[in-house]
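Asks: Generate coordinates for the sequence data below:
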Amino acid sequence: MVTTASPQQPTPERFFNAINAYEQTEAMKAAIELEVFTAIAEGNTTAATIAKRCVAAERGMRTLCDFLTIHGFLTKEGAQYALAPDSSLFLNRHSPAYVGTAIGFLLTPRLREGHARLTEAVRRGGSALGEGTLEPENPDWVKFAQAMMPLMQMPAEIMAAELRRGGEAGKVLDVAAGHGLFGISVAKQSPAAHIYAADWKNVLEVAMKNAQATGVADRYHLLPGSAFEIDFGTDYDLVLITNFLHHFDPPTCTTFMRKVHAALKPGGRAAIAELVPNPDRVTPPTAAAFSMMMLATTPSGDAYTFAEIESVSRSADFARVELAPPEIGLDRLIIAYR
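Replies: Below you'll find the predicted structure:
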């Protein structure tokens, strides 16, 4: 007799989990602030010893660690907790790949308010916060520059190495430089390169400190102001455009890319790093879901597919646009050739 499995019955579990998803945000924030992952990496593996290391109540720590286990950040055997591989690499303060500082930007009140007013944003088709994160001299971008550095260190090095394969660059423009790591990585790998970093004045102070710390300050030049208004100059071999285009609509991106095109010397390259969803706009999940952050925090930004970025670049008179093979952290690297 052949039996077939009965289809799974509908359940409200997905709804329940989605509505309570904020608990995971707050649990991660608490775990990073308490240094739970670091405590476990140091050999504290029970609720009692982790609590002692983190100066917390044992009951609170047991509940938090169980919750983190449920969501895959920890493992548990008996009463012993251990770090999942991702947590060991990225959430232990002793790891060179530690990214916990990113909550200093990702959980800023302004970003959270944008998502709290998402119903209004959906109705408007853009952020309920007006200009959102795009206000001039927004202090949140200083927080971004300071908080996101560890998350961007490895992607910046990968991107610089990939770009160097296409030829040495002597004069490099780094648009919306932020922490400066993308331009600094190019300077470190190409000793003849001079970097011209464009961003708000308050943000460039962070970038210059990083350039000084890495020994490239003598080849690091500042262009403070709006990327749409300042004079970039000309004759660049390479322009870095990292996580910038997604803040704007396609016509604005096209206007900006025309300005980049004019700043490049013939044969120059524009290197664009973005979270790039597939044409279906629902895969891969992290890149595709980024469009929600843009809806909540910008007037008209989006997560753009390769075809959309290629169309913008070609409309700005770039001759060839290619998707480079390596993943740049969560981003993909797109190179537009003048």
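Asks: I'd guessed Gln183 sits against Leu240; true?
Replies: One correction, residue 183 is Gly, not Gln. Yes. Using C-beta atoms under 8 Å, Gly183 makes contact with Leu240 at a distance of 6.0 Å. Backbone N, C-alpha and C define where each C-beta goes, glycine included.
Asks: Show me whatever sits in contact with both of these two.
Replies: Contact with both Gly183 and Leu240 is made by residues Val172, Asp174, Ala177, according to C-beta atoms under 8 Å, 6 or more residues apart in numbering.
Asks: any idea which of these is closest to Met152?
Replies: Ala177 (11.2 Å; C-beta to C-beta).
Asks: Ile19 versus that closest one, what's the distance?
Replies: Distance, Ala177 to Ile19, by C-beta to C-beta, to the nearest Å: 39 Å.
Asks: got it, and Tyr98?
Replies: Computed with C-beta to C-beta, the distance linking Tyr98 and Ile19 is 31 Å.
Asks: Looking at those two, which one has more neighbours?
Replies: Tyr98 (19 against 10; other C-beta atoms under 10 Å).
Asks: tell me the secondary structure for Gly301?
Replies: coil (DSSP: H, G, I helix; E, B strand; the rest coil).
Asks: so the residue nearest to it when sequence neighbours are not counted is in which element?
Replies: Nearest non-adjacent residue to Gly301, counting by C-beta to C-beta, 6 or more residues apart in numbering: Met294, 3.7 Å away. Element membership for Met294, per DSSP states H and E: helix 285-297.
Asks: So which elements touch that helix?
Replies: Helices and strands in packing contact with helix 285-297 are listed as helix 109-116, helix 118-124; criterion 3 or more C-beta pairs under 8 Å, 6 or more residues apart in numbering; DSSP states H and E.
Asks: quick one: the strands in the chain?
Replies: Applying DSSP state E to the chain gives strands spanning 74-77, 80-83, 171-175, 194-199, 220-224, 236-242, 264-274, 320-328, 331-337.
Asks: so can I have JSON lines of those showing distance to Glu310?
Replies: Shown next, in JSON lines, are the strands of the chain (distance: least, C-beta to C-beta, whole Å):
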{"stretch": "strand 74-77", "distance to Glu310": "42"}
{"stretch": "strand 80-83", "distance to Glu310": "41"}
{"stretch": "strand 171-175", "distance to Glu310": "19"}
{"stretch": "strand 194-199", "distance to Glu310": "24"}
{"stretch": "strand 220-224", "distance to Glu310": "27"}
{"stretch": "strand 236-242", "distance to Glu310": "14"}
{"stretch": "strand 264-274", "distance to Glu310": "10"}
{"stretch": "strand 320-328", "distance to Glu310": "4"}
{"stretch": "strand 331-337", "distance to Glu310": "8"}
